[in-house]
Structures are given as C-alpha cells and as structure tokens.
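> based on what follows, work out the 3D shape:
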Amino acid sequence: MCASYGLDGSGRRIPMPDDLPPMSEQGPQQLLAEWAAAWGGKANTSRTRKDGRTNLNPIIWQDADGERRLDLAWWWLHVGGQPAKYTAFNSRDDALMSKWRKPFQHRAILPANWYAEGGKIWRLPDGELFGMAAIMAPRTVGNETTISYSLVTRAGVGEAATVITSRGDSRMPLVLPRDMHDDWLDPERPGDAELVTQVQHGSDEISRALTAA
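Numbers count the residues shown, from 1 in each chain. The predicted model follows:
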C-alpha cells in the first residue's frame, strides 16, 4: 500500500524526458512548478486543509480525441461524484477485473521520481522519472471536468519484496515502462485480463530497478 509519492523540487523547473508527453511542454511544466511550490513536490490523498486548499496531484491521461493531458486530480477514487466511503486511494492489480472493473476502463499515469513505503524512499538510479499506473473516474459537469484516481499496486519484487505490509504481503506501485504507456493510456484499449497480464509482466524489470534510499 502506497500513501506517498512525488517529484523532487519546490518551484524549480523539473527536468522532463521528451518521451513522456506532455510533461516536457511549457504549460504542463508551469503547472508542475506551481504544484511543487505549493506542496513541496509531495502528493497526498486529497483533503481540504484549514486554509481551504485541496491537495490535487498531477495526472497524465488521454482524452477521446487522442490528446494527452496533464491535469490535477483527487487521489481517492470517487463513486457517484463523491469520494468512495471505502478505501480507494490504492487498487490492487489482481482486483482490476473484479472490484475495480469499471474505473479500469479509464486509465492514467502518475509521474514521480520517488515513492514512500515501509518507512523508506524508493527511487530509480540517478533519480530518473517514472510513471505509475492509475485508474480514474472522470466527471464532467457543464464545461468542467474533475478527475479522481486510485494508484494501482502490484506484488513487490526485487528489493521492494522485503517490505511486508500489515496484511502479511508485499506491495509496491505498478510502475510502467515507457513502451507500455501508449497501451495503458489508450481510451480505445479495453481494460481486460490481457492488459492486466501484460502490465504485470512488463513492469518486472523497471520495478526491480527501484531501490530504497
């Protein structure tokens, strides 16, 4: 179970690779810088603070016209337009075809270069940016679209397998290699058992590269 992740930086320009659109574009860069400055580059499950601010987090998704977008979204899946009353900030990969089948048809990627688990901070070598799988529930009212999401987790592998949760198993974010981003984000690609198997096996190599600081 992952309850914290983010991007280093607190207002500075965050270097982005050219192969993770639209992260390297000017508009998304400004949005990321503003978000990092407001929240120290740390994502939290969405909640309204005493000052009235809500911690919404960067999310990459693809609309019906095939355009990749970077927006800010609630980290707690909504049901019927309201935050789910059950725990909905993480979703297990082995439950995508059962408990999460409907939101599995709307998928997104969460940009990060670290996540926290087991009291440790996990990164790729050299602090490289990576994308974590998410499922989402977009809701449009008038001209405004709001998005809520749940971070998808998988069984821990490599060094991450040594972190045991209170349930007695090992979990980590489902990190997707670049060559799987297109399939995961494609709104025409159905969320089915084949896609689950594809991302489970395809994420092994990059997941094993994550180490604790």
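> any regions of this structure where pLDDT drops low?
Low-confidence segments of the chain, defined by pLDDT under 70, are located at 1, 9-18, 48-50, 52, 141.
> skipping its backbone neighbours, what lies nearest the residue positioned nearest the centre of it in space?
Nearest to the geometric centre of the chain sits Leu110, at 3.0 Å (CA atoms, centre = their mean). Excluding the flanking residues, the one nearest Leu110 by CB to CB, 6 or more residues apart in numbering is Met132, at 4.4 Å. All C-beta spots, glycine's among them, are computed from the backbone N, C-alpha and C.
> mind listing what's buried along whichever strand or helix holds the one you found?
Using DSSP states H and E, Met132 falls within strand 130-141. For strand 130-141, the neighbour count (16 or more other CB atoms under 10 Å) marks Phe130, Gly131, Met132, Ala133, Ala134, Ile135, Met136, Ala137, Pro138 as buried.
> starting at the chain centroid, how far to it?
8 Å (CA atoms, centre = their mean, to the nearest Å).
> what helices or strands is that strand leaning on?
Counting contacts by 3 or more CB pairs under 8 Å, 6 or more residues apart in numbering; DSSP states H and E, strand 130-141 packs against strand 57-62, strand 78-79, strand 107-112, strand 144-155, strand 175-176.
> which element is encountered next along the chain beyond the helix ranked longest in the chain?
Identified as the longest helix of the chain according to DSSP state H is helix 26-39. Scanning forward in sequence from helix 26-39 by DSSP H and E, the next helix or strand is strand 42-43.
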